[in-house]
Structure formats: C-alpha cells, structure tokens
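*Asks:* Got a predicted model here, sequence first, then my questions.
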Amino acid sequence: MRTRDPEAKRQALLDAALTEFAAHGISGARMDQVAKRAGCSAGLAYTYFKGKDELFDAVYEQIVRHTISEAPIDAEDLPGYAVRLYDANVANPEVMRLINWYRLERGEAALATPLALESTQHKVDAVRAAQTAGTVSDRFRAEDLVALVQHTAMLWFVDDVAAQDRDCVRATIAEAVRRLVTP
C-alpha cells in the first residue's frame, strides 16, 4: 500500500512549478503542466495552491529561503559573498530566469516580500555595522553597497555562462567587490 506524503507532493509541485515558471513566466505557465511535471492531477495541485499566483509566490519564497541559507552574507568578506551568489546563480539558472520573469511581470517592487525585506535589512545592517567598524568602505550607503555587491554577482549570468572561464569570472567579481568595499 502506498503511503501518502503531502509534504513530498507539495515539494514536487514547487519543484515542477520552478521549472514551468522559469520557462514560461507567470502568464505563460499552466497549472496542468505543473501538475503533470509533478506527477499528479491538476485538481490535486489546486488542493495545495489556490492558483498560479499563489503557487508562484510559494516558489519565490522558497527561493529566498534557499538563497539565505546557501549564500549567507558575511560583511567581513563581501567579495566571498558575491562569489557565493555567482556560484548559486550558475548552479541554479532556473532561479535567475524565474526572478527575471517576476521582475518583468510583476515589477521590481513585487520582489519585496516580507521575507525578502527582512533578509535585505539583515544584509544592510551587517554592512552598516562593518562600515561603522571601519572594515568596509562608507563611500556608498549600506543599502547601495548591498545592491552593488548583489548585482555584480549577477552580471555574468545574462551572458552564456557555460562559455566563460568561471574561475576568471569569480576572480573578476571578487576583485570588483573588493575595490568597492575596501576602505
């Protein structure tokens, strides 16, 4: 007899939705395709999520949680943080595509979910503390420095990452961020 595992099925739907949303965006994704990828019926998918928007929000929230745990900020090593973000982007290209769809379809402000805002505030506070301690440059506001570091890590993702020398890209990211943050 098969055992039901609602959490495993929910996770299968989230994983399938990441793939579907990354490929087609919110507008183009279809719940029946998400369900098919997850190995269940569309009706069961609607049991877990009221609709596409709720499912998309759940996928985005999972991405934020994963990024927080996989690439935590270290204000004393912002070049290393930027390289970890780059590596996470390379390892998870679907995530970057989904975030780009999110920006296109919902706008930049929509990315500011409560968890994302809390995470960003934590990063800003850590950088601000390092600036106060004199270990990180105060040429830029802490908020701007966090954005600069994060976007530097994402720059190379828009190009053909596979065709690049990743060690060279990592070194470039680290050096660029080092120059931004050195007092």
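*Replies:* Sure, I can see it.
*Asks:* elements contacting the lengthiest helix in the chain?
*Replies:* In the chain, taking DSSP state H as the definition, the longest helix is helix 6-28. Contact partners of helix 6-28 among helices and strands, from 3 or more Cβ pairs under 8 Å, 6 or more residues apart in numbering; DSSP states H and E: helix 31-38, helix 42-48, helix 52-70, helix 93-106. (C-beta placed from N, C-alpha, C; glycine too.)
*Asks:* Which among those is found nearest to residue 166?
*Replies:* helix 93-106 (13.1 Å; Cβ to Cβ).
*Asks:* Poorly predicted segments of this structure, please.
*Replies:* Applying pLDDT under 70 to the chain picks out residues 1-3, 109-111, 157-164.
*Asks:* ok, back up a step: need the helices and strands packed on helix 6-28 in JSON lines (columns: mean neighbour count and distance to residue 131).
*Replies:* Putting the helices and strands packed on helix 6-28 into JSON lines (neighbours: other Cβ atoms under 10 Å; distance: least, Cβ to Cβ, whole Å) gives the following:
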{"stretch": "helix 31-38", "mean neighbour count": "19", "distance to residue 131": "44"}
{"stretch": "helix 42-48", "mean neighbour count": "16", "distance to residue 131": "44"}
{"stretch": "helix 52-70", "mean neighbour count": "17", "distance to residue 131": "22"}
{"stretch": "helix 93-106", "mean neighbour count": "17", "distance to residue 131": "27"}
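*Asks:* Distance to residue 183 added to those helices, as TSV?
*Replies:* As requested, the helices and strands packed on helix 6-28 are exported to TSV (distance: least, Cβ to Cβ, whole Å):
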stretch	distance to residue 183
helix 31-38	49
helix 42-48	50
helix 52-70	27
helix 93-106	31
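*Asks:* circling back to that earlier point, now the longest helix of the chain: buried residues?
*Replies:* 9-10, 12-22, 25-26 (16 or more other Cβ atoms under 10 Å).
*Asks:* Residue 140: which of the residues you listed is nearest?
*Replies:* residue 22 (31.9 Å).
*Asks:* The closest one against residue 102, yeah?
*Replies:* No. With contacts counted by Cβ atoms under 8 Å, residue 22 stays clear of residue 102, the gap being 10.3 Å.
*Asks:* what residues do those two have in common as contacts?
*Replies:* Counting by Cβ atoms under 8 Å, 6 or more residues apart in numbering, residue 22 and residue 102 have no shared contacts at all.
*Asks:* before we move on, back to that, please identify which of the helices and strands packed on helix 6-28 is closest to residue 137.
*Replies:* helix 52-70 (24.4 Å).
*Asks:* re the thing from before, of all pairs in the buried residues of helix 6-28, which one is the farthest apart?
*Replies:* 9 and 25 (24.2 Å).
*Asks:* Off-centre distance for the longest helix of the chain?
*Replies:* 15 Å (Cα atoms, centre = their mean, to the nearest Å).
*Asks:* contact partners of that helix?
*Replies:* 29-30, 33-40, 44-45, 48-49, 52-53, 55-56, 58-59, 62-63, 93-95, 97-98, 101-102, 104-106.
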